[in-house]
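# This is the structure alone, sequence omitted:
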């Protein structure tokens, strides 16, 4: 089964509301998109193309290569269709694989049962053909098979990623309530930062936003930080294709860039964590870290982008103190950041009202399961001042 050179349907998944930014990245890589939906995109690609996609995408979660589509009313029919696939040509019979799934079928009460039926079908097929049972388990560090089963329609994929792409591999010290790397990339794309003007990130926490900004500006891709993907454990994998793609990533890095990225936090521990993460990512020399109250953050001359990701009362902080903090954020942006575009990422619309400025854009995101907004503010230098918002404007 020549999957590495055979074009098939490929689904790239992502967290909800990151799809527009995945589309942007896929198009930049030269892949036409057949279909876009709220949690991903569909295209036609080979398994070798999936190597390129895995190494380059910042906002994606998984890259799924289609093996078979079929109808199955119950688990027995599912087993029958999956056992008919030539797994001995895809998986090492001395190897290891895992199964995950997205199941909505009235005969299945738990996806774990569907996973078990998929595992049984694959193992039975390989034992029949090779006389050996491969090992299986929950870890995603080898070959991974993914089942999507809705009502009677089933699609079976090779998950070419394994561990999620949404984590970029450089953040060894997450800190408190960190923003997922894929989300941080999407937020930066949404800001429309031109990667030349200053980028200021007060309240930086573990540094994810500042680090992602530096990685995007210097064209450092996530594949530089990872050496194991699920596609490496499929029969027919040519490691030279992977190493050629990885060399291309290194050649595309923009060096000697003149860029001002400022990241500050009142916590010395947080700044130390951010610096360590930036060093792992290879961008510590591009970011100026400061230990200070956000209102003391150095703001280079305009133009620039200033981006806050303050606490919003769901996991950290207390509401009354946060009201004062949000008010101070608005005052700081209005008085100290003239000529900038200001952004506040928050999951609390009531606290957002305390900023006291009117946003000209409100971009929807999810942070985990929390419904969030990236609020954008034009911070005019001169007489054009934004009026305070009323309770109906968010």
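Great, that's in hand. Here the structure is a predicted model, which is why all the values come from computation and not from measurement.

# from here on, contacts and neighbour counts on C-alpha atoms
Fine.

# Would you state the strands of the stretch 201-350 of the chain in chain order?
261-265, 287-291, 304-308, 340-346 (DSSP state E, counting those that start in this stretch).

# Under the pLDDT cut-off, which ranges of the stretch 1-150 of the chain? List them.
Counting by pLDDT under 70, the low-confidence segments of the stretch 1-150 of the chain come to 1.

# now the helices for it?
19-28, 47-56, 75-83, 111-130 (DSSP state H, counting those that start in this stretch).

# Which one of the ones you listed lies nearest to residue 164?
Nearest to residue 164 among the helices of the stretch 1-150 of the chain is helix 47-56; the distance by CA to CA comes to 9.8 Å.

# the inter-axis angle of the closest one versus helix 19-28?
Orientation check (axes from the mean of the first three to the mean of the last three CA atoms, to 10 degrees): helix 47-56 against helix 19-28 gives 120 degrees.

# got the buried residues for helix 47-56?
Neighbour-count burial for helix 47-56, counted by 16 or more other CA atoms under 10 Å, picks out 47, 48, 49, 50, 51, 52, 53, 54, 55, 56.

# Closest one of those residues to residue 138?
For the buried residues of helix 47-56, with residue 138 as the reference and CA to CA as the criterion, the closest is residue 54, at 21.0 Å.

# what sits against that closest one?
62, 63, 160, 161, 165, 223 (CA atoms under 8 Å, 6 or more residues apart in numbering).

# Give me the distance between it and residue 14.
Note on residue 54: its distance to residue 14, by CA to CA, to the nearest Å, is 12 Å.

# what does residue 124 give?
Taken as CA to CA, the span from residue 124 to residue 14 is 32 Å.

# the more surrounded of these two?
residue 14 (25 against 18; other CA atoms under 10 Å).

# Name all residues that make contact with the more buried one.
Taking CA under 8 Å, 6+ apart as the test, what residue 14 contacts is 22, 39, 40, 59, 60, 61, 62, 166.

# how about 6 Å then?
39, 40, 60, 61 (CA atoms under 6 Å, 6 or more residues apart in numbering).

# for residue 155, same thing?
Residue 155 touches 68, 69, 148, counting by CA under 6 Å, 6+ apart.

# Dump those residues into JSON lines; add neighbour count and distance to residue 193 as well.
Shown next, in JSON lines, are those (neighbours: other CA atoms under 10 Å; distance: CA to CA, whole Å):
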{"residue": "68", "neighbour count": "15", "distance to residue 193": "41"}
{"residue": "69", "neighbour count": "14", "distance to residue 193": "41"}
{"residue": "148", "neighbour count": "15", "distance to residue 193": "37"}
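
# was I right about residue 364 contacting residue 373?
Yes. Using CA atoms under 6 Å, residue 364 is in contact with residue 373, at 4.8 Å.

# Select, out of the strands of the stretch 201-350 of the chain, the one closest to residue 120.
Closest approach to residue 120 among the strands of the stretch 201-350 of the chain is made by strand 340-346 (45.1 Å; CA to CA).

# quick one: secondary structure of the residue nearest in space to the middle of the chain?
When the chain is reduced to its mean C-alpha position, the nearest residue by CA atoms, centre = their mean turns out to be residue 182, at 2.2 Å. Under the three-state scheme (DSSP: H, G, I helix; E, B strand; the rest coil), residue 182 adopts helix.

# All good on my end, thank you.
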